[in-house]
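# Need a 3D model of the sequence below.
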Amino acid sequence: MPKANSNGNDSGPTTCQPTVHLILQGKGGVGKSVIASWLAEFLIKRGQPVCCIDGDPVNRSLGQYKAFPVEKLELVNASGILQRSSYDALVDRFVEEETVFVVDRGATAFLRFWTYIVEADIVSVLRDAGRRVYIHIPISGGEMLTDTLLAFKTIAETANDRNLVATSPVDCEDPAQYDFTSRARGAPREPGQEDELAKRREHERKQQEIDTAPYFSKNPLISRGDDFIACDQDPERCRDGVRIGPPNYWDEHGTPSTQASLIMDLPNGRIPPLTAEAQKMAAARTAVRKARPCSSTAAGCHDSWEDESLWDRCISRGLVGSVVPSTYNQGNQVIQAPGYVVFRNEMIHEARIIPLGNRPHLNSGIRSWMGDSRGHWEGNTLVVETTNFRSGIPIGNIPTSDALRTTERFTLTDVDTLRYQLTIDDPKIWTRPWTIAFPLKRDSNYTIFEYACHEGNYYMYNALAGARADEKGKNK
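You can find the predicted model right below:
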């Protein structure tokens, strides 16, 4: 096979099987078109037939390179909706034409394009046709590092889960040749995290199997921590096939996320340690709880309404608990009006009316469970800072302090995906701020229902009345 000489010039054309290069990134302005041009120039100089595709509906940067054979394709309609027929036609060309394709997709519909590739199993289609597929993901430093790494993580984890990565050696000289499998999991994980991720996926798979069973079981499996037990193994919480908690049809169903942790910062995906003072308060709470005999029973303590959580009492789950994925009622709605944004959570029907601009926060003496929010724009990202929380609202089962401050970032990454990022800063509770992030997907068929919590809260009465009845039974 001809090789390049010492000064970098080609000594002759290199033959290689037809190949598809996809340059993908959900963040704009990070060099996708530049990378596509470098790749095209490299391939052309090696004598390979090249067809460049500029599919960016907003910035036709690759199409401005006059020296390259660039085709400008309309892959989305005027409303920004992916045109499936256009993508299918492009894949047909990948299969039929004996050439090397370089595709600059653009950032606007990055996730929708990747979803199409995965759901339609395009990589397998092209492999079966004898085509190689390479995915190039630009990663930028500085303030764009987090956003560009998120796109890499999305693609790499999906590629790994769907077995899209080819491990056989590349049989031609190619600038994209490298062992993708060694990088398919993003940043290095701490020892044991891979095993933990595998356990979570297996747990989700088994739970999905239970939730979607086509028949009723009189002795169903129920989740207990990291494992499952049969109903008759826990008669305190499950009897005659009926478990404590909502029925399975309440729960949200769909494709489980491959995201190993909602926490993106700290890098290890874990909540930071508590401060020394917070550890003392946690130890004191534990000691008080253990001193009560009822704490050792399966049902726990129900001596008064004060033993019940804010959620059980239909008061609030707080800002964080209202939006972080749980089991049901996971709808969220964003409403924009001049000078305001409303972020509405289906869980306990919270709705924050957020003033935009430079308006000051309320006086520090005015506090609420959801805090006082103020928003402003940073480019295409809505930034919402919230203060004035009441102390005691739990985050991850840890009561927070009056110093709690949150910063939310809402970024529309494509027409149907809103990237949600939330930084939690409570210097009295945690040793450093920490950040969670996950996508919010548009669903035009979803209906937000009234969370009539107080009206339907039979739990409070039944828990307290049941505990009193249990006491009477023991005193007989």
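
# Could you say whether residue 51 sits in a helix, a strand or coil?
Following DSSP: H, G, I helix; E, B strand; the rest coil, the label given to residue 51 is strand.

# What of residue 386?
Assigned with three-state DSSP, residue 386 falls in the strand class.

# So what sits opposite it in the bridge?
The residues listed as beta-bridge partners of residue 386 by DSSP bridges are residue 373, residue 406.

# Show the contacting residues for it.
319, 370, 371, 372, 373, 374, 405, 406, 407, 408 (C-beta atoms under 8 Å, 6 or more residues apart in numbering). Placement of C-beta: from N, CA and C, glycine included.

# correct me, but the second one touches residue 318?
In other words, residue 370. Yes - taking C-beta atoms under 8 Å as the definition, residue 370 is a contact partner of residue 318 at 6.8 Å.

# Those two: which is more packed in?
Neighbours were counted for residue 370 and for residue 318 using other C-beta atoms under 10 Å; residue 318 has more, 26 against 21.

# wait, is residue 452 part of a helix?
No - going by three-state DSSP, the assignment for residue 452 is coil, not a helix.

# about what we covered before: overlap of the contact sets of residue 370 and residue 318?
Both residue 370 and residue 318 are in contact with residue 389, where contact means C-beta under 8 Å, 6+ apart.

# Packing partners of the helix or strand where residue 90 lies?
Assigned by DSSP states H and E, residue 90 belongs to helix 84-96. Counting by 3 or more C-beta pairs under 8 Å, 6 or more residues apart in numbering; DSSP states H and E, the packing neighbours recorded for helix 84-96 are strand 100-104, helix 110-119, helix 122-128.

# picking that back up, select from the contacts of residue 386 the one having the most neighbours.
For the contacts of residue 386, neighbours were counted by other C-beta under 10 Å; the highest total belongs to residue 319, with 27 neighbours.

# Next up, the contacts around it.
With contacts taken as C-beta under 8 Å, 6+ apart, residue 319 has the following neighbours: 350, 352, 370, 371, 386, 389, 393, 406.

# helix/strand/coil for it?
The three-state assignment at residue 319 reads helix, by three-state DSSP.

# Backbone torsions only: list them for the nearest residue to it once chain neighbours are set aside.
Distances taken as C-beta to C-beta, 6 or more residues apart in numbering place residue 370 nearest to residue 319, at 5.4 Å, with adjacent residues excluded. Phi and psi for residue 370, reported as degrees, to the nearest 10, are phi -100, psi 0.

# And residue 370, how far from residue 95?
Distance, residue 370 to residue 95, using C-beta to C-beta, to the nearest Å: 53 Å.

# And for residue 51?
13 Å.

# next one: residue 279
Distance from residue 279 to residue 95, counting by C-beta to C-beta: 61 Å.

# out of those two, which sits in the busier spot?
Neighbour tally, residue 279 and residue 95, criterion other C-beta under 10 Å: the higher count belongs to residue 95, 15 against 12.

# Assess the claim that the more buried one and residue 129 are in contact.
Yes - taking C-beta under 8 Å as the contact criterion, residue 95 and residue 129 are neighbours in contact, 4.4 Å apart.

# And the closest residue in space to residue 116 that isn't next to it in sequence, what's its pLDDT?
By the measure of C-beta to C-beta, 6+ apart, the closest residue to residue 116 outside its immediate chain neighbours is residue 87, 5.6 Å from it. Residue 87 carries a pLDDT value of 76.

# cool, and residue 229?
At residue 229, the predicted lDDT confidence score is 82.

# What residues are bridge-paired with it?
The residues listed as beta-bridge partners of residue 229 by DSSP bridges are residue 222.

# how many neighbours does it have?
Neighbour count for residue 229, taken as other C-beta under 10 Å: 14.

# now swap in residue 388 and tell me
19.

# quick one: it from residue 428, how far?
When distance is defined by C-beta to C-beta, residue 388 is 15 Å away from residue 428.

# And residue 323, by the same measure?
Counting by C-beta to C-beta - residue 323 and residue 428 are separated by 23 Å.

# Also residue 413?
Residue 413 is 34 Å from residue 428, where distance means C-beta to C-beta.

# what do you get for residue 355?
Taken as C-beta to C-beta, the span from residue 355 to residue 428 is 27 Å.

# next one: residue 140
When distances are taken as C-beta to C-beta, residue 140 and residue 428 turn out to be 35 Å apart.

# Check the secondary structure at residue 461 for me.
Reducing the assignment to helix, strand or coil with three-state DSSP, the entry for residue 461 is helix.

# Is residue 447 within a helix or a strand, and which one?
Per DSSP H and E, residue 447 falls between elements, in no helix or strand.

# so who does it touch?
Under the criterion of C-beta under 8 Å, 6+ apart, the neighbours of residue 447 are residue 331.

# next one: the one 4 residues further on
In this structure, residue 451 makes contact with 329, 346, 347, 348, 349, judged by C-beta under 8 Å, 6+ apart.

# Closest to residue 287 out of these?
Distance ranking of these against residue 287, using C-beta to C-beta, places residue 348 first at 30.6 Å.

# how close does the closest one get to residue 324?
Applying C-beta to C-beta to residue 348 and residue 324 gives a distance of 13 Å.

# for residue 378, same thing?
Relative to residue 324, residue 378 is positioned 23 Å away (criterion: C-beta to C-beta).

# Please compute how far the helix or strand where residue 153 lies lies from its chain's middle.
Taking DSSP H and E as the definition, residue 153 sits inside helix 145-161. Centroid displacement of helix 145-161 relative to its chain, using C-alpha atoms, centre = their mean, to the nearest Å, is 11 Å.

# What ranges does the stretch 301-450 of the chain have for its strands?
Secondary structure of the stretch 301-450 of the chain, counting by DSSP state E, counting those that start in this stretch: strands at 332-337, 340-345, 350-355, 372-378, 381-387, 394-395, 398-399, 405-414, 417-425, 434-441.

# quick one: residue 207 from residue 432, how far?
33 Å.

# Which one of the two is surrounded by more residues?
In this comparison of residue 207 against residue 432, neighbours counted by other C-beta under 10 Å, the higher total goes to residue 207 at 17 against 11.

# nearest residue to the more buried one other than its sequence neighbours?
The spatially closest residue to residue 207, leaving aside those adjacent along the chain, is residue 223, at 6.2 Å (C-beta to C-beta, 6+ apart).

# does the one you found really touch residue 204, like I thought?
No - proximity of residue 223 to residue 204 does not meet the contact threshold set by C-beta under 8 Å, at 10.4 Å.

# Give me the buried entries from the contacts of residue 451.
Of the members of the contacts of residue 451, the ones counted as buried by neighbours, 16 or more other C-beta atoms under 10 Å, are 329, 346, 347, 348, 349.

# just curious, which of these is nearest to residue 24?
Scanning these for proximity to residue 24, where the rule is C-beta to C-beta, the winner is residue 346, at 32.3 Å.

# my guess is that closest one meets residue 329, correct?
Yes - with the criterion set as C-beta under 8 Å, residue 346 and residue 329 qualify as a contacting pair; they are 4.6 Å apart.

# With that, I have no additional questions.
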